[in-house]
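Chemist: Sharing a model that was predicted from the sequence below.
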Amino acid sequence: MAIEIDPERREVAALGRVADWKGAHVLEVGCGDGRLTLRLAGLGARVTALDPDRSLIRTARRALPKAHSRQVRYYVGSASRLRHASESFDMVVFAWSL
């Protein structure tokens, strides 16, 4: 039996209330398998998502729908060693990562 997280989409509704995601360049730290990444992309964000676990990044890349392939970039990395210049992002999301 597969587990479906947030089938009522309350998380998406809450995210929609806290920020204007459309066109925002978002850094997601600790993206895991990309579940939240895809929700952010669905709200219109351009997402750069990182996680230190290679296998989770592989899973996220495989599950990336073609519709979001231009909006989402996954890479293996750590928040302590970002490979982006300061002020490269409009927002940073760090959720469900501890």
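Modeler: Here it is on my side, so go on.

Chemist: List the contacts of Leu82.
Modeler: Neighbouring residues of Leu82 by C-beta atoms under 8 Å, 6 or more residues apart in numbering: 27, 50. To be clear about C-beta, it is placed using only N, CA and C from the backbone, and glycine gets the same treatment.

Chemist: any idea how far it is from Trp96?
Modeler: Using C-beta to C-beta, to the nearest Å, Leu82 is found at 19 Å from Trp96.

Chemist: can you check Arg83 too?
Modeler: For Arg83, the distance to Trp96 equals 23 Å [C-beta to C-beta].

Chemist: And Asp53, by the same measure?
Modeler: Note on Asp53: its distance to Trp96, by C-beta to C-beta, is 13 Å.

Chemist: cool, Ala85 as well?
Modeler: Noted for Ala85: a distance of 27 Å to Trp96, by C-beta to C-beta.

Chemist: Please apply the same query to Val26.
Modeler: For Val26, the distance to Trp96 equals 15 Å [C-beta to C-beta].

Chemist: buried set for stretch 44-63?
Modeler: Residues of stretch 44-63 classed as buried by neighbour count (16 or more other C-beta atoms under 10 Å): 45-51, 56-57, 59-61.
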